[in-house]
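Undergrad: below are the sequence and a predicted model; questions follow.
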Amino acid sequence: MDGQITLIGSANMNRRSFDLNYENNILLSDPALTVAMRRRQDGYIALSKPVTAAEVDAWSWWYRLRNNALAMLGPVL
């Protein structure tokens, strides 16, 4: 938030998550830990690859079907 606080957890900010799922978070007030967590997150971002709209438009119908089926089943698995 401000370089002082770290929030780690599984909570998604939507109605389903708050009403149906058991979500957990931990709030830590530790500037040194917050710096370490920010560095780790920045490392993950540096290694990530953005997904563009053009790339998604090029997906085959089978790939889209598979992704959508997995997205629908994910919450119940």
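TA: Happy to help now that I have it.
Undergrad: mind checking the longest helix of the chain?
TA: As assigned by DSSP state H, the longest helix anywhere in the chain is helix 31-47.
Undergrad: off-centre distance for that one?
TA: 15 Å (Cα atoms, centre = their mean, to the nearest Å).
Undergrad: name the helices or strands packed onto it?
TA: In this structure, helix 31-47 packs against strand 5-9, with contacts taken as 3 or more Cβ pairs under 8 Å, 6 or more residues apart in numbering; DSSP states H and E. (Each C-beta comes from the backbone N, C-alpha and C, glycine too.)
Undergrad: give me the mean pLDDT for the longest helix of the chain.
TA: Taken as a whole, helix 31-47 carries a mean pLDDT of 94.
Undergrad: any idea which helix or strand comes after it?
TA: Later in the chain than helix 31-47, the nearest helix or strand by DSSP states H and E is helix 53-57.
Undergrad: next secondary structure after the lowest-mean-pLDDT helix or strand in the chain?
TA: The least trusted helix or strand in the chain, going by mean pLDDT, DSSP states H and E, turns out to be helix 15-20, with a mean of 72. Using DSSP H and E, the helix or strand that directly follows helix 15-20 along the chain is strand 25-29.
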